[in-house]
Each structure stands twice: as structure tokens, then as C-alpha cells.
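Trainee: no FASTA, just this:
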């Protein structure tokens, strides 16, 4: 009969870990999205700078 309370404790710990895992996944996804947005912005800036440099070379 000791197993039933122990089993319920294990299940509650697992459910807490699952909820924390979902929160962690959300945080990771948010950080990844921020990094991708910054990378896209940086790429756009570099592309514009390269176009300006090319234009000045042919003036």
C-alpha cells in the first residue's frame, strides 16, 4: 500500500516537470525568434551597405 502514495507523488513531480518543460520551450523559442529577427536585420543592413559601396565604386 506504500506504492500508491509514492506513485501519486511521482506523477505530480512529472506533471510539474512537463509544465516547466513547456515554459522552457516557450522561452527558448522566444529567444531563438529574437536572434533570428536580429540576424535578418543585420543581413539587411549589410546588404544595404554593400549596395552603397558598389554604387560608389561605379560613380
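Mentor: Thanks, I have the structure now. Treat the numbers as computed from the prediction; the structure is a model and nothing was measured.
Trainee: Could you use CA atoms for every contact and neighbour count after this?
Mentor: Will do.
Trainee: Please state the mean pLDDT value computed over the helix or strand containing residue 31.
Mentor: When secondary structure is defined using DSSP states H and E, the element that contains residue 31 is helix 3-57. Predicted confidence along helix 3-57 averages 74 (mean pLDDT).
Trainee: Contact partners for residue 28?
Mentor: Contacts here follow C-alpha atoms under 8 Å, 6 or more residues apart in numbering; on that basis residue 28 touches nothing.
Trainee: And it, how close does it get to residue 34?
Mentor: Separation of residue 28 from residue 34 (C-alpha to C-alpha, to the nearest Å): 10 Å.
Trainee: same question, residue 51
Mentor: In this structure, residue 51 lies at 26 Å from residue 34, with C-alpha to C-alpha as the measure.
Trainee: Over to residue 57?
Mentor: In this structure, residue 57 and residue 34 are 35 Å apart, going by C-alpha to C-alpha.
Trainee: Check residue 56 too.
Mentor: When distances are taken as C-alpha to C-alpha, residue 56 and residue 34 turn out to be 33 Å apart.
Trainee: Give me the more crowded residue out of the two.
Mentor: Neighbours were tallied for residue 56 and for residue 34 using other C-alpha atoms under 10 Å; the higher tally belongs to residue 34 (12 against 9).
Trainee: any idea how far residue 44 is from that one?
Mentor: As judged by C-alpha to C-alpha, residue 34 and residue 44 stand 15 Å apart.
Trainee: Thank you kindly, that will do.
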